[in-house]
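*Asks:* This is a predicted model, with the sequence first.
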Amino acid sequence: MALKTTHMAQEDLFKKLIAHCKEYGYVFPSSEIYDGLGAVYDYGQYGVELKNNIKKYWWDSMVLLHENIVGIDSAIFMHPTIWKASGHVDAFNDPLIDNRDSKKRYRADVLIEEELAKIEGKIEKEVDKARNRFGESFDEGQFRATNARVLESQTKWDELHNRFAEALNNSDLVELKQIIEDNGIVCPISGTRNWTDVRQFNLMFSTDMGSTADGALKIYLRPETAQGIFVNYLNVQKSGRMKIPFGIAQIGKAFRNEIVARQFIFRMREFEQMELQFFVRPGTELDWFEKWKVLRIKWHQALGFGNENYRFHVHEKLAHYANAAVDIEYKFPFGFKEVEGIHSRTDYDLSQHQKFSGKKIQYFDPELNESYVPFVVETSIGVDRMFLQIISASYHEEIVEDANGQKDTRVVLRLPAPLAPVKLAVMPLIKKDGLPEKAREIIEELKFDFNCQYDEKDSIGKRYRRQDAIGTPFCVTVDPETAGDNTVTIRYRDTMLQERVQIGQLREIILNQVGFRKLFNQLN
Ligand code: GAP
């Protein structure tokens with residue numbers, strides 16, 4: 001019986017998540033036996049399954065459910081002029097600042113964002129305190145509008161936010177440093193304000209293609225998958241006879257030489273993106289932008305982690321290619337952070353490629369009887385960041401009581417069943433009397449539909465705990481009665497309830513929960 005979920009400091013929770021991911025074969029630090037490589041991670045035996053399931057959820061929700069969306073898989077290496085045309089060579093920069101005492105490097109914008117989050121935190125604390133004090137009669141709106149301490153913090157937040165947004169929009173590096181100084185922002189390591197000036201730093205990795213004797217070509221590892229879609233726009237439109245509006249989806253690796261690479265797989269130097277470029281008639285892009293916002297938040301919320309844990313964040317500074325941009329943020333253990341970006345990218349990219357390649361990249365619209373460069377609405381989400389979001393939301397520690405009233409802590413990953421790496425574990429109660437053979441027989445039957453695991457080691461209680469920690473939604477136990485009546489016990493991960501069912505019923509019971517249809521039905 002689950003008594004209650006334990007509450008812990010969010011920082012402790014995050015540390016536990018990282019340790020859990022390593023202990024249970026989800027995520028390992030890259031090159032670990034050589035002491036690791038900064039912000040690069042490997043996925044283990046369960047991690048890769050979860051990752052594949054996330055990708056399937058995204059891919060099918062795009063390509064299967066929309067008849068006007070198709071997928072591609074473009075190469076990571078691309079002609080270097082693409083990055084000149086896209087603006088990445090000149091403008092894909094982050095403002096960096098060093099602390100002279102700790103020798104640590106930071107993103108100036110992130111330091112200021114963290115300061116803003118601190119003020120937000122103060123306001124939330126006041127609101128929580130008041131909610132506890134007033135109970136049922138608490139009017140949050142009125143409290144926020146009248147409480148002196150809240151108003152003071154809110155004014156401070158507004159002033160800082162406006163100044164920050166203006167500095168970003170003007171790419172004013174001197175002003176960014178001034179904001180850091182004026183707000184007394186200190187280095188979290190040294191605690192001092194001994195900052196260098198703010199400088200721009202290009203995030204693209206480069207390498208050489210061909211031998212130097214031939215005159216090697218400097219090429220870049222793509223920092224986004226989107227450009228592979230833009231440069232294939234004509235190929236797909238023509239070969240697929242696509243009519244606007246239509247979309248091209250792609251999943252693939254991207255690389256960024258991130259200055260600040262902390263927070264586990266939140267910000268990596270090698271990561272994977274799932275991107276959609278949706279091509280529309282000029283002038284309709286903002287309507288499509290709104291439609292995609294709705295579709296994408298539904299996709300997140302269908303996973304059932306609580307709608308209140310998601311929010312939209314409108315960008316302070318628009319990227320060089322966008323006329324509208326919003327992030328979908330999730331409440332991670334370290335605060336609300338971006339999981340996905342939705343951008344109205346105008347006709348910027350296609351026009352630039354038209355200019356730099358000298359090839360006409362246009363669409364003849366039979367309804368308007370005219371040609372134009374299509375406008376683009378993009379949705380872009382990191383697979384790894386989505387993975388972290390799901391693990392953060394799924395990890396629970398619960399105090400449970402066994403049949404003898406003994407209390408224990410169970411760690412359970414309440415993964416949405418369609419995404420769980422292992423769908424069911426089949427366990428013989430004991431390792432004899434033909435029970436292992438019967439358990440194997442069940443697996444032989446179900447392995448074509450589900451990822452199954454055979455588990456006979458340790459007591460049944462320990463086996464259940466192991467599967468809970470992996471996030472397996474179903475455990476099936478074969479016992480001496482099974483041989484007689486062909487029934488087994490099925491145990492449900494979240495409720496820990498058990499019931500006796502016919503072996504023949506298993507497939508349907510499991511399929512009902514693990515099929516993607518359950519999620520897709522919520523996306524209409
Ligand atoms: N094509 C648009 C684009 O790349 P972005 O906001 O820079 O936009 C989109 O990235 C998404 O990619 C982010 O919302 C995030 O989920 C993921 N992402 C970006 N940088 C990342 C990094 N260094 N590590 C992990 N995920 C990252």
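*Replies:* Done, it's in.

*Asks:* What are the buried residues along stretch 388-402?
*Replies:* 388-398, 400 (16 or more other Cβ atoms under 10 Å). All C-beta spots, glycine's among them, are computed from the backbone N, C-alpha and C.

*Asks:* and the helix or strand containing residue 291, which residues are buried?
*Replies:* Per DSSP states H and E: residue 291 is located in helix 285-301. Buried residues in helix 285-301, defined by neighbour count with 16+ other Cβ under 10 Å: 285, 288-289, 292-293, 295-297, 299-301.

*Asks:* Please put the alpha-carbon coordinates of that helix into PDB.
*Replies:* In PDB, the C-alpha atoms belonging to helix 285-301 read as follows (Å, rounded to 0.1, in the frame of the first residue of the first chain):
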ATOM      1  CA  GLU A 285       1.900  32.600 -40.900                       C
ATOM      2  CA  LEU A 286       0.700  34.200 -37.600                       C
ATOM      3  CA  ASP A 287      -2.600  32.200 -37.800                       C
ATOM      4  CA  TRP A 288      -0.600  29.000 -38.300                       C
ATOM      5  CA  PHE A 289       1.700  30.000 -35.500                       C
ATOM      6  CA  GLU A 290      -1.300  30.200 -33.100                       C
ATOM      7  CA  LYS A 291      -2.600  26.800 -34.400                       C
ATOM      8  CA  TRP A 292       0.800  25.100 -33.800                       C
ATOM      9  CA  LYS A 293       1.000  26.600 -30.300                       C
ATOM     10  CA  VAL A 294      -2.300  24.800 -29.500                       C
ATOM     11  CA  LEU A 295      -1.300  21.500 -31.100                       C
ATOM     12  CA  ARG A 296       2.100  21.400 -29.500                       C
ATOM     13  CA  ILE A 297       1.000  22.100 -25.900                       C
ATOM     14  CA  LYS A 298      -1.700  19.400 -26.300                       C
ATOM     15  CA  TRP A 299       1.000  17.000 -27.300                       C
ATOM     16  CA  HIS A 300       2.900  17.700 -24.100                       C
ATOM     17  CA  GLN A 301      -0.200  17.700 -21.900                       C
END
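
*Asks:* Give me the contact list for that helix.
*Replies:* Helix 285-301 is contacted by residues 57-58, 61, 245, 278, 280, 307, 310, 312, 323-324, 326, 328, 330, 339-340, 342, 344, 346, 375-377, 379, 381, 522-523 when judged by Cβ atoms under 8 Å, 6 or more residues apart in numbering.

*Asks:* Enumerate the beta-bridge partners assigned to the closest residue to the ligand within the stretch 351-500 of the chain.
*Replies:* Using Cβ to the nearest ligand atom, residue 382 is the residue of the stretch 351-500 of the chain that sits closest to the ligand, at 2.7 Å. Beta-bridge partners recorded for residue 382 (DSSP bridges): residue 273.

*Asks:* domains for the chain, by residue range?
*Replies:* 2-92+203-392, 97-202, 417-520 (automatic domain parsing).

*Asks:* ok, and which of the buried residues of stretch 388-402 reach the ligand?
*Replies:* Among the buried residues of stretch 388-402, no residue is within reach of the ligand (Cβ under 6 Å from any ligand atom).

*Asks:* Next, check those residues against the helices and list the overlap.
*Replies:* Using DSSP state H, 388-394 are the members of the buried residues of stretch 388-402 that sit in helices.

*Asks:* Ramachandran angles for residue 198?
*Replies:* phi -90, psi 130 (degrees, to the nearest 10).

*Asks:* what do you get for residue 226?
*Replies:* Torsion angles, degrees, to the nearest 10, at residue 226: phi -50, psi -40.

*Asks:* Need the domains of the chain in JSON lines (columns: mean pLDDT).
*Replies:* Below are the domains of the chain laid out as JSON lines (pLDDT from 0 to 100):
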{"stretch": "domain 2-92+203-392", "mean pLDDT": "94"}
{"stretch": "domain 97-202", "mean pLDDT": "93"}
{"stretch": "domain 417-520", "mean pLDDT": "97"}
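
*Asks:* Quick one: closest of the ones you listed to residue 404.
*Replies:* domain 417-520 (11.3 Å; Cβ to Cβ).

*Asks:* Backbone dihedrals for the closest residue to residue 199 other than its chain neighbours, please?
*Replies:* Distances taken as Cβ to Cβ, 6 or more residues apart in numbering place residue 96 nearest to residue 199, at 5.8 Å, with adjacent residues excluded. Dihedral pair for residue 96: phi -110, psi 160, per degrees, to the nearest 10.

*Asks:* same deal with residue 449?
*Replies:* According to degrees, to the nearest 10, residue 449 has phi -100, psi -30.

*Asks:* State the distance from the residue nearest to it when sequence neighbours are not counted to residue 451.
*Replies:* Setting aside the residues directly before and after it, residue 449 is nearest to residue 507 in space (Cβ to Cβ, 6+ apart), at 6.4 Å. Counting by Cβ to Cβ, to the nearest Å, the gap from residue 507 to residue 451 is 14 Å.

*Asks:* now stretch 395-404, how far from the chain's geometric center?
*Replies:* 29 Å (Cα atoms, centre = their mean, to the nearest Å).

*Asks:* what kind of secondary structure is residue 411 in?
*Replies:* Three-state assignment for residue 411 (DSSP: H, G, I helix; E, B strand; the rest coil): strand.

*Asks:* For it, grab the count of nearby residues.
*Replies:* Other residues near residue 411 come to 16 when the count uses other Cβ atoms under 10 Å.

*Asks:* unless I'm mixing things up, it is touching residue 399, no?
*Replies:* No: between residue 411 and residue 399 there is no contact under Cβ atoms under 8 Å: 11.4 Å.

*Asks:* Residue 134 sits in which helix or strand?
*Replies:* Applying DSSP H and E, one finds residue 134 within helix 108-134.

*Asks:* centre of the chain versus that helix, how much separation?
*Replies:* For helix 108-134, the distance to the chain centre is 24 Å (Cα atoms, centre = their mean).

*Asks:* Quick check: buried residues in it?
*Replies:* Buried, per 16+ other Cβ under 10 Å, within helix 108-134: 108-113, 115, 119, 122-123, 126-127, 130.

*Asks:* Taking the stretch 51-200 of the chain, what residue is nearest to the ligand?
*Replies:* Closest point on the stretch 51-200 of the chain to the ligand, by Cβ to the nearest ligand atom, is residue 92, at 9.0 Å.

*Asks:* Touching, that residue and residue 222? I think so.
*Replies:* No: counting by Cβ under 8 Å, residue 92 stays clear of residue 222, with 11.0 Å between them.

*Asks:* Between those two, tell me which one has more neighbours.
*Replies:* Neighbours of residue 92 and residue 222, each counted by other Cβ under 10 Å, are more numerous for residue 222; the result is 26 against 20.

*Asks:* wait, the more buried one sits on residue 270?
*Replies:* No: using Cβ under 8 Å, residue 222 makes no contact with residue 270, being 11.2 Å away.

*Asks:* Need the overlap of contacts for the two.
*Replies:* 253-255.

*Asks:* so, if you compare those residues, which one comes nearest to the ligand?
*Replies:* residue 254 (6.9 Å).

*Asks:* what sits against the closest one?
*Replies:* 221-225, 270-273.

*Asks:* From these, pick the one nearest residue 464.
*Replies:* residue 272 (32.7 Å).

*Asks:* So the closest one versus residue 343, what's the distance?
*Replies:* Going from residue 272 to residue 343 by Cβ to Cβ gives 19 Å.

*Asks:* again with residue 394
*Replies:* Taking Cβ to Cβ, one finds residue 394 at 29 Å from residue 343.

*Asks:* And for residue 114?
*Replies:* Taken as Cβ to Cβ, the span from residue 114 to residue 343 is 24 Å.

*Asks:* Kindly report the same for residue 392.
*Replies:* For residue 392, the distance to residue 343 (Cβ to Cβ) stands at 25 Å.

*Asks:* Could you do residue 337 as well?
*Replies:* On the measure of Cβ to Cβ, residue 337 and residue 343 end up 18 Å apart.
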